[in-house]
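Asker: compute the structure for the input listed below.
(chains A and B)
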2 protein chains.
Amino acid sequence: MSVHTVLLDFSIDPARLADENGQKTIFGQLETVLKEYVPNLVLVTEVKLEDGSLKLMTGKKGSTVSVRLFDRGLVTVNIEYYKEENVEALMTLKSARVMENQLKKYITLNKSQAYAPLKRCLFGRYYPTSDERLLEYDIDAVVFDEQSPFQRVQIVHSKTLGNMLVLDDLQNISEADLIYTETLMQRGKENYEGKEIVILGGGDGALLYELLKEKPKYVWMLEIDEVVMTACNKYLRSICGDVLERKKGPNYEVIVEDCMLTVNKFITEGKKVDYVFGDLTDIPISESACGELWEFMITILNASFKILKPNGKFMTHGNGATSPESLELYEQELAKLKPPVKYTKSRAFVPSFLEDWFFYHISFKTTDNGDA
Amino acid sequence: MSVHTVLLDFSIDPARLADENGQKTIFGQLETVLKEYVPNLVLVTEVKLEDGSLKLMTGKKGSTVSVRLFDRGLVTVNIEYYKEENVEALMTLKSARVMENQLKKYITLNKSQAYAPLKRCLFGRYYPTSDERLLEYDIDAVVFDEQSPFQRVQIVHSKTLGNMLVLDDLQNISEADLIYTETLMQRGKENYEGKEIVILGGGDGALLYELLKEKPKYVWMLEIDEVVMTACNKYLRSICGDVLERKKGPNYEVIVEDCMLTVNKFITEGKKVDYVFGDLTDIPISESACGELWEFMITILNASFKILKPNGKFMTHGNGATSPESLELYEQELAKLKPPVKYTKSRAFVPSFLEDWFFYHISFKTTDNGDA
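Answerer: Coordinates of the predicted model:
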């Protein structure tokens, strides 16, 4: 089941909306054209508003049409109706564009825009970018949907991306995202052979799976959410292999708990590793670090450097390239760390995010043995 | 100026909407929560519809809220208001999600979805994919906007893609799309040195610019729309160099006319070339081939093969990978061509389309000299 919402915008000389007669004319012209597309259209109500006016109309089969005039010279049209599975759409992008052009000629509008109809089916089709832009994905199935004690865990299927992990309504990783893991780990640039590695989070298993191909000495993966791992083990096998199934091998183990427990244990023991990966979700779900995201992130960073060897590295994902403010804030936090750190950045287009993403590779500025 | 539309969807047990009391309860609960987010909310009207009901409310500063209950168990909420340039948004994705969760707890909903608010500013932010999905781009400026005799020609600026050519509201090519041209021409696989080439369309100049790097004998570029070339020459220099500025060089010329004129001239003269590129827009703008897109495309294909040497190739863009139906229709048309042709396909993710695209490389099935 799905409700379709068709949106159209117009800009118009504000002078034409200045008096009631002008508004009446525009409304009338819009109505004339709309009637051709929405059968049995009748006016329900007209409302005068602080900054313009609104007409609400209804048509065939419960369709509703609202036309809003804004004094500033904007007109928005919203058409909404229930779209049956096997019935043709009342309006497609194509017919919306035909209507748009018809209106443009008839009313002499300045600018106009017809949108691809929104398909409101609660199917996980719509996700945001890092800068809160709306993207419609080609999702055709929800294959897993469960509320864990920590977050809502979903696996949806995209025609282009394959299966995709969605946590709390945010796209996380898909079968098309090897580039994400390879950029995070800097494959070909970093040498993991014989190294000790801690992964904070990483519940989808992709990072562990790829790291194990590089023959590390040992990898500890510290993931709190068993449900994520169950879902990924079943539906994202192509990115995680059998590492989540086995959970332990000669050179790795998956520890299912708040990652801070093992990190703090390492700190107490004085245990140091070569790499720490920050592969947690953007939203803090660790109980040891409630507070805000920012606080949580700083706690993690500080603790991670306490278990890193002098020439060790902290590797993590940053944010979208369209969110330079977040990236800058993060870099300001890095500048405050003690002992001081230096970092390099990598950028890659992540297919399931549909945007460029930045990754950080952070190390001590001056190592104990005097390296710069 | 910009109107923001915030959308929220919920699914609910249809039994709870079955009678008027049930609907009243749900409306009341929704209203209680909505009032916390939209100041001064008052009811304007309530409409009984064929498949449910609708409540229209208005709030502070001309904001409107419509709540639509569908008998089948869907609830849609649309909030719309005029967003001043330097005033905080009434609702962001973040606050919409907070409200979503609050509603979920209060009303016990099955599923819910909050959308990144739509920014309806007539700025060319929204474009469709090949399968009519809605994508919001990070457009921050319109740098060129003119109606040519053939189409609306715009250059918009995207933070991620750089400048992007938009023809009749469809994204065409951006500064980030070298992969498009390289896949179309099969760089590294085809050898253009010393070859004669015809480009049908190609007004952005990118294909001509890249082909000239391969030392062809001669390239004829046949583009009808001078406005496209003026715009691209000025704002897409990074992809077309100075080829549109110069329009003629020792081994190329740009002929500004309906491409069919030169193609027909070549046919009459018996002139044959090594490659023909179909780099026309999706919408037919040639006067010699009005009719429908399909007819136009077949006319172009037939004529192109008449000016190709026996081992010549017709190279063209197909459609998005999410539109297999269009691709199949195209392939059915290819199968009907006389003399018969064979083809290979290439697939590439085109940054400005935000989707995978297919390209066709078509040649005669059996050449005059007996090649298969």
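Asker: CA atoms for contacts and neighbours, from now on please.
Answerer: Noted.
Asker: residue contacts, the residue lying closest to residue A:209 once chain neighbours are set aside?
Answerer: Across the structure, with CA to CA, 6 or more residues apart in numbering or on different chains as the measure, the residue nearest residue A:209 apart from its sequence neighbours is residue A:240 (5.3 Å). With contact taken as CA atoms under 8 Å, 6 or more residues apart in numbering or on different chains, residue A:240 is in contact with A:204, A:205, A:206, A:207, A:208, A:209, A:210, A:232, A:233.
Asker: 7 Å instead, please
Answerer: Residue A:240 makes contact with A:204, A:205, A:206, A:209, according to CA atoms under 7 Å, 6 or more residues apart in numbering or on different chains.
Asker: and the closest residue to chain B within the stretch 101-250 of chain A, how many neighbours?
Answerer: With CA to the nearest CA as the measure, the residue in the stretch 101-250 of chain A that lies nearest chain B is residue A:135; the distance is 4.7 Å. By the criterion of other CA atoms under 10 Å in any protein chain shown, residue A:135 has 23 neighbours.
Asker: I'd assumed it was in a strand, is it?
Answerer: Yes: looking at residue A:135 with DSSP: H, G, I helix; E, B strand; the rest coil, it is inside a strand.
Asker: with adjacent residues omitted, what lies nearest to it?
Answerer: Sequence neighbours aside, residue B:135 is the residue nearest to residue A:135 in space, at 4.7 Å (criterion: CA to CA, 6+ apart).
Asker: what do you get for residue A:8?
Answerer: residue A:114 (4.5 Å).
Asker: if I look at the one you found, how far off is residue B:62?
Answerer: Taking CA to CA, to the nearest Å as the criterion, residue A:114 is separated from residue B:62 by 23 Å.
Asker: between those two, which one's more packed in?
Answerer: Summary of the neighbour comparison: residue A:114 and residue B:62, criterion other CA under 10 Å, with residue A:114 having more neighbours (25 against 18).
Asker: which residues does residue A:198 form a beta bridge with?
Answerer: The residues listed as beta-bridge partners of residue A:198 by DSSP bridges are residue A:220, residue A:276.
Asker: does it touch residue A:275 like I think?
Answerer: Yes: if you go by CA atoms under 7 Å, residue A:198 and residue A:275 touch, sitting 6.3 Å apart.
Asker: so where's the stretch 151-300 of chain A uncertain?
Answerer: Counting by pLDDT under 70, the stretch 151-300 of chain A contains low-confidence residues at A:282-293.
Asker: so which bits of it are right by chain B?
Answerer: residue A:159 (CA under 7 Å from any CA of the partner chain).
Asker: buried residues in the top helix by length along chain A, which are they?
Answerer: Longest among the helix segments of chain A by residue count, using DSSP state H, is helix A:20-37. By 16 or more other CA atoms under 10 Å in any protein chain shown, the buried positions in helix A:20-37 come out as A:23, A:26, A:27, A:30, A:31, A:34.
Asker: got the contact list for stretch A:153-167?
Answerer: Residues lying outside stretch A:153-167 but in contact with it, judged by CA under 7 Å, 6+ apart, are A:138-147, A:151-152, A:168, A:171-176, A:228, A:235-236, A:352, B:322.
Asker: just the CA coordinates of that stretch, formatted as CSV?
Answerer: Taking Å, rounded to 0.1, in the frame of the first residue of the first chain, the C-alpha atoms of stretch A:153-167 are listed here in CSV:
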residue,chain,number,x,y,z
VAL,A,153,17.9,-2.9,12.7
GLN,A,154,16.8,-3.3,9.1
ILE,A,155,18.1,-4.9,6.0
VAL,A,156,16.4,-3.6,2.9
HIS,A,157,17.0,-4.6,-0.7
SER,A,158,18.0,-2.1,-3.4
LYS,A,159,18.0,-3.0,-7.0
THR,A,160,21.2,-1.2,-7.5
LEU,A,161,23.0,-1.7,-4.2
GLY,A,162,21.9,-5.2,-3.2
ASN,A,163,21.1,-5.7,0.5
MET,A,164,21.7,-2.6,2.7
LEU,A,165,22.0,-2.4,6.5
VAL,A,166,19.8,0.4,7.9
LEU,A,167,20.2,1.4,11.6
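Asker: that stretch: how far from the chain's middle?
Answerer: Averaging C-alpha coordinates over stretch A:153-167 and over its chain gives two centres that are 12 Å apart (CA atoms, centre = their mean, to the nearest Å).
Asker: also stretch A:301-321?
Answerer: Distance of stretch A:301-321 from the chain centroid (CA atoms, centre = their mean) equals 23 Å.
Asker: alpha carbons of it, as PDB, please.
Answerer: C-alpha atoms of stretch A:301-321 as PDB (Å, rounded to 0.1, in the frame of the first residue of the first chain):
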ATOM      1  CA  LEU A 301      39.100   9.000  20.900                       C
ATOM      2  CA  ASN A 302      40.900   9.600  24.200                       C
ATOM      3  CA  ALA A 303      40.600   5.900  25.300                       C
ATOM      4  CA  SER A 304      41.700   4.700  21.900                       C
ATOM      5  CA  PHE A 305      45.000   6.600  22.000                       C
ATOM      6  CA  LYS A 306      45.600   5.100  25.400                       C
ATOM      7  CA  ILE A 307      45.800   1.600  23.900                       C
ATOM      8  CA  LEU A 308      47.700   2.600  20.800                       C
ATOM      9  CA  LYS A 309      51.500   1.900  20.400                       C
ATOM     10  CA  PRO A 310      53.500   5.100  19.800                       C
ATOM     11  CA  ASN A 311      53.400   4.600  16.000                       C
ATOM     12  CA  GLY A 312      49.800   3.200  16.100                       C
ATOM     13  CA  LYS A 313      46.900   4.700  14.200                       C
ATOM     14  CA  PHE A 314      43.300   5.400  14.800                       C
ATOM     15  CA  MET A 315      41.300   5.000  11.600                       C
ATOM     16  CA  THR A 316      37.700   6.200  11.400                       C
ATOM     17  CA  HIS A 317      35.000   7.600   9.200                       C
ATOM     18  CA  GLY A 318      34.200  11.300   9.400                       C
ATOM     19  CA  ASN A 319      31.200  12.800   7.600                       C
ATOM     20  CA  GLY A 320      29.800  13.700   4.200                       C
ATOM     21  CA  ALA A 321      31.800  16.100   2.000                       C
END
